[in-house]
Structures are given as structure tokens and as C-alpha cells.
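Colleague: dropping a prediction and its sequence here:
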Amino acid sequence: MAHQTDEEIWITGIGLVSSLGEGPEDHWCRMGNGGNCEPVVDSETFAPYAVHPLADVDHSTQIPKRGDLRQMGPWQRLGTHTAGLALSDAGIAGDPACLDKIDMIIAADGGERDKDVDSAVLEKIGRRNDPEAFLNETLSTQLRPTLFLTQLPNLMAGNISIVHKVCGSSRTFMGEEMAGVSAAQVALKKMRHGQSELCLIGGAYNAERDDMQFVFELGHYLWPGEFEPLWERQKKGGGIVTGSVGAFLVLESRSHATARGARAYARLSEVLADRCNRAPGAAAENARRQIDELDSSLEAGPLAVLSGACGAEPITSEERAFLESLSNRGLDVSIRAIGSMLGHSVEAQFLSGLALAAIAISKKQLFGPVAGSDAEKPYDGETDRILVTSWGHWRGEGMALVEAAH
């Protein structure tokens with residue numbers, strides 16, 4: 001059995017792309033350092049539902065070969081591009097000594113579909129007396145295997161390996177928000193047990209897709225009408241506003257980072273995860289157990305929280321009540337909802353929270369409250385620890401502690 005070490009795990013590279021821009025500095029400047037964050041929202045394309053659209057990105061800066069770009073859909077381009085940003089930010093892009101051994105863990109969804117083909121199938125199947133037979137025939141004759149194979153989740157990792165020459169082990173998690181939590185948790189465990197000293201973790205979500213809007217609305221999850229910050233939606237029944245986000249991090253053992261002269265944004269101290277049947281109070285009970293595990297690291301005083309709350313009810317209200325109850329432990333909590341700033345990015349949600357936490361800690365200042373939210377209060381003083389949460393819209397409760405690196 002591998003021996004667990006107490007060595008710090010540093011975040012040495014950040015790739016972050018969203019509606020607010022590209023890279024740590026873009027997000028720091030746009031997210032209210034000294035003021036309020038003004039979200040970027042598209043309320044027209046998918047009306048009556050809003051999305052946080054991806055900022056203008058030149059993918060050729062990270063994916064220079066046109067052939068590579070052509071064979072990727074928007075989701076894979078976003079992930080591959082953002083991974084390249086993280087590698088460059090860590091100073092290991094183009095360094096064979098690091099790239100040959102860096103392990104990679106990806107949080108991915110099920111790939112992108114051809115909406116024109118899907119629409120044609122849905123239109124015809126409603127007029128058939130033999131819908132099952134028609135569907136089987138269509139799957140075998142009209143849908144080419146390559147249509148889906150080029151979008152398989154594992155191929156995001158494959159494209160990152162090909163484009164950026166990442167040659168270590170590779171693992172892909174699927175499972176909505178908890179895929180991102182698992183990617184971070186497994187990477188941290190591997191590194192603490194000496195199985196890796198350098199990891200690339202990340203995920204991407206393309207919100208600007210009719211099929212994903214359709215799927216979320218089938219579950220009655222989306223927020224209709226004019227955009228409002230996440231906590232303000234609670235008063236009217238709640239709802240999700242999705243956002244296109246790519247979030248990748250380079251995790252590195254302290255000894256490896258110092259040996260090559262790398263700087264740290266922050267350290268990833270702990271990642272915890274659990275799941276329940278979402279009976280009333282069950283998710284909060286999981287979160288209380290997680291806080292108990294972190295108890296020795298959470299001394300009384302100010303605590304910044306980056307919440308990955310999705311906006312849907314009743315789980316968003318339950319999470320907010322739990323976070324506010326931390327005052328009973330002597331914690332003066334200041335909450336920021338990632339979903340208000342970047343939108344809900346499902347697999348990338350937790351990872352974007354880790355990236356934003358590392359940025360804020362490196363700046364020693366928490367992001368300002370989102371414009372239009374009465375629930376988010378200013379945070380005074382230096383920020384040297386941030387709690388990052390992610391309660392999935394359907395299942396799963398994750399939590400991480402990000403702290404200043406020693």
C-alpha cells in the first residue's frame with residue numbers, strides 16, 4: 001500500500017475560459033476586485049432561457065493545426081484550448097520532461113450531438129405507427145458511427161494528449177457535477193500517496209446547445225425570463241442559468257514545483273464528496289460531516305465560500321441555509337455564487353470554483369459581490385482560505401478547502 005505523505009499539493013497553473021474572458025487576469029479584472037461583478041448574459045438566443053455565452057476565443061492559439069480543429073466540436077475545442085492555457089500558465093507547455101509524466105484526469109459529459117439529425121428523427125417518429133422499429137432502422141442506417149465517436153468523452157483527453165503532448169496516465173469521469181469533484185479528489189489522493197507528482201485536471205461545458213437546454217428543461221430545471229443573480233431566483237421558485245466554461249488546473253507536489261522554480265497560486269488542502277437520495281435535509285447532513293472532517297482547518301473567523309449552487313430548488317435553498325448555519329461554529333461566512341458570475345457549467349462547475357479560489361487567494365482578496373444580489377456581503381481583510389462547494393442539481397455533494405501555499 002502506498003504511504004500517504006503530508007506534502008502540500010500546489011495549484012501552479014490555471015486555465016479558465018468563460019463568458020468573462022480568458023485566463024486568471026481577465027477573470028480577476030471582471031469579477032469585481034474593488035466593485036461588483038457584472039455577469040455577461042445572452043437572453044435572446046435560447047429565449048425565454050438565458051445563458052452565459054463563451055467569450056470570443058481564438059482556439060488556434062492553443063490548437064494550431066487546422067485539421068485538429070476541424071475534427072473537434074465546440075466542447076472539445078474549449079476543453080483542449082483551456083488545458084493548453086493551464087499548461088502554459090504552469091510553465092510546462094513544450095517541456096518534455098514534465099509532459100512525459102504529467103497525469104491527466106478529465107471531467108466530461110456525453111459528447112455533442114448532431115441536432116439536425118436528432119430533430120429529423122423526432123419529427124418523423126411521431127408520425128409512425130412503429131416508432132421502435134423506425135428508431136432501430138434509423139440508428140443502423142442514417143447515423144454514421146463516426147458521428148458520435150468523434151465526440152466520445154475520452155477523446156477530449158485524447159485530443160489534449162495529441163495537441164499538447166501530454167503523455168502520462170489518463171482517466172475520464174462522467175457524472176455531471178460530481179465528475180469534476182471526483183477528478184479533483186482522485187488527483188489529490190494519487191499525489192498524497194506518491195503515485196503522481198504532477199497532474200492536469202479539468203473539464204469543459206458548452207452551454208450554447210439546444211439539446212442541453214432541452215434536456216434541462218425536460219426536468220423543469222431552467223430559469224425562465226429575465227436574468228437574476230442566483231440567490232435572488234429563490235424567491236420565484238429557482239432555476240438554472242447555464243454557462244459555457246472551460247476550467248483546467250495543474251496540480252503539483254511542493255517538492256516538484258520548488259525544484260523547477262514554479263510559483264503557487266494556492267494549495268489544495270482537501271477534497272471531500274458524498275451523495276444521498278436528496279430526502280429533505282440529507283444533503284445538508286452530508287455537508288455537515290464534511291465540515292466536521294475539515295474542523296481542524298477551519299478556525300473561527302472570516303470564511304469566504306465559493307458556492308457551486310445550481311439555482312434549482314429546493315437544493316439551492318438547502319445549501320444556502322447550511323452555509324449560513326456555519327455561523328454556529330464561529331465562522332463569519334461571505335458567500336459568492338459561481339453560478340451568478342459564470343453560469344452553471346455542470347462538469348466544469350467545481351473545477352471553475354477551485355480555479356477562482358486559487359486566483360482570489362493569490363490576490364489575497366475575495367471577488368466582489370455579484371451585481372444585483374442582496375445575499376452577498378463584502379469581505380474585509382486578506383483571503384487566505386476559501387471553501388468551495390458543489391451540490392449537484394440532481395445528486396452529489398462536494399466540498400474543497402483551498403488555502404494559501406506555505
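Modeller: On my side now, so go ahead. Just so you know, these numbers come straight off a predicted model, no measurement behind them.
Colleague: contacting residues for I102?
Modeller: Taking Cβ atoms under 8 Å, 6 or more residues apart in numbering as the criterion, I102 is in contact with I92, V166, C167, G168, L198, C199, L200, V250. Backbone N, C-alpha and C define where each C-beta goes, glycine included.
Colleague: again, 7 Å this time
Modeller: Contacts of I102 were listed using Cβ atoms under 7 Å, 6 or more residues apart in numbering, and they are V166, G168, L198, C199, L200.
Colleague: roughly how far apart are it and A157?
Modeller: I102 sits at a distance of 12 Å from A157 (criterion: Cβ to Cβ, to the nearest Å).
Colleague: mutual contacts of those two, please.
Modeller: By the contact definition Cβ under 7 Å, 6+ apart, I102 and A157 are jointly contacted by no residue.
Colleague: in the stretch 201-350 of the chain, which spans are strands?
Modeller: 242-243, 245-253, 266-274, 301-307, 331-337 (DSSP state E, counting those that start in this stretch).
Colleague: low pLDDT regions in the stretch 151-300 of the chain?
Modeller: Applying pLDDT under 70 to the stretch 151-300 of the chain picks out residues 151-152.
Colleague: and the helices in it?
Modeller: In the stretch 151-300 of the chain, helices defined by DSSP state H, counting those that start in this stretch lie at 154-164, 177-192, 210-218, 230-233, 254-259, 282-293, listed in chain order.
Colleague: so who does the residue nearest the centre of the chain touch?
Modeller: Note on the chain: the residue nearest the mean C-alpha position is A348, at 2.1 Å, using Cα atoms, centre = their mean. When contacts are counted by Cβ under 7 Å, 6+ apart, A348 is found next to A107, G180, G203, A204, Y205, V245, G246, A247.
Colleague: and for A184?
Modeller: Taking Cβ under 7 Å, 6+ apart as the contact definition, A184 lies against I201, V271, F350, L351, L354, A400.
Colleague: what is the nearest of those to G330?
Modeller: Comparing the contacts of A184 against G330 with Cβ to Cβ picks out A400 as the nearest, at 20.8 Å.
Colleague: what's the closest one in contact with, if anything?
Modeller: A184, L268, E270, V271, L354, V388.
Colleague: thinking again about what came up before, out of the contacts of A184, who's the most crowded?
Modeller: Counting neighbours by other Cβ atoms under 10 Å, F350 comes out on top of the contacts of A184 with 36 neighbours.
Colleague: that one and W394, how far apart?
Modeller: The separation that F350 has from W394, given Cβ to Cβ, amounts to 15 Å.
Colleague: again with R267
Modeller: When Cβ to Cβ is applied, the distance between R267 and W394 equals 31 Å.
Colleague: what's the answer for I125, then?
Modeller: Relative to W394, and taking Cβ to Cβ, I125 is found at 27 Å.
Colleague: what of A321?
Modeller: A321 sits 19 Å away from W394, going by Cβ to Cβ.
Colleague: G91 now?
Modeller: Using Cβ to Cβ, G91 is found at 39 Å from W394.
Colleague: for L342, same thing?
Modeller: L342 sits 20 Å away from W394, going by Cβ to Cβ.
Colleague: with G194 instead?
Modeller: Counting by Cβ to Cβ, the separation of G194 from W394 is 35 Å.
Colleague: with L139 instead?
Modeller: In this structure, L139 and W394 are separated by 27 Å, where distance is defined by Cβ to Cβ.
Colleague: between those two, which is the more surrounded one?
Modeller: Remark: of L139 and W394, W394 carries more neighbours, 16 against 10, as counted by other Cβ under 10 Å.
Colleague: residues in contact with the more buried one?
Modeller: Applying Cβ under 7 Å, 6+ apart, one finds that W394 lies in contact with E176.
Colleague: helix or strand for the residue in the chain sticking out farthest from the centre, which one?
Modeller: Within the chain, N129 marks the point farthest from the mean C-alpha position, 43.2 Å out by Cα atoms, centre = their mean. Of the helices and strands defined by DSSP states H and E, none includes N129.
Colleague: just put the contacts of I102 in a markdown table and tack on distance to Q62 and neighbour count.
Modeller: Below are the contacts of I102 laid out as a markdown table (distance: Cβ to Cβ, whole Å; neighbours: other Cβ atoms under 10 Å):
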| residue | distance to Q62 | neighbour count |
| --- | --- | --- |
| V166 | 13 | 25 |
| G168 | 19 | 16 |
| L198 | 19 | 21 |
| C199 | 19 | 25 |
| L200 | 13 | 30 |
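Colleague: which one of those sits closest to E285?
Modeller: C199 (30.8 Å).
Colleague: roughly how far does that closest one sit from E177?
Modeller: When distances are taken as Cβ to Cβ, C199 and E177 turn out to be 20 Å apart.
Colleague: try K124
Modeller: 35 Å.
Colleague: higher neighbour count, these two?
Modeller: When K124 is set against E177 and neighbours are counted by other Cβ under 10 Å, the residue ahead is E177, at 27 against 13.
Colleague: so what's that one up against?
Modeller: Residues in contact with E177, defined by Cβ under 7 Å, 6+ apart, are G308, V346, E347, Q349, F350, S390, G392, H393, G396.
Colleague: now stretch 176-195, how far from the centre of its chain.
Modeller: Stretch 176-195 sits 14 Å away from the centroid of its parent chain (Cα atoms, centre = their mean, to the nearest Å).
Colleague: do the same with stretch 232-239
Modeller: How far stretch 232-239 lies from its chain's middle: 22 Å, per Cα atoms, centre = their mean.
Colleague: quick one: end-to-end distance for stretch 391-406.
Modeller: Here the two ends of stretch 391-406 are set 29 Å apart, with distance taken as Cα to Cα, to the nearest Å.
Colleague: buried sites along that stretch?
Modeller: Residues 391-405 are the ones in stretch 391-406 that count as buried (16 or more other Cβ atoms under 10 Å).
Colleague: specify which member of these is nearest to G330.
Modeller: Where those are concerned, and distances follow Cβ to Cβ, G330 has its nearest neighbour in L401, at 16.5 Å.
Colleague: contacting residues for P39?
Modeller: Contact partners of P39, counting by Cβ under 7 Å, 6+ apart, are H52, S340, M341, V370.
Colleague: count of neighbours near the second one?
Modeller: To tie it back to what came earlier, the one meant is S340. 30.
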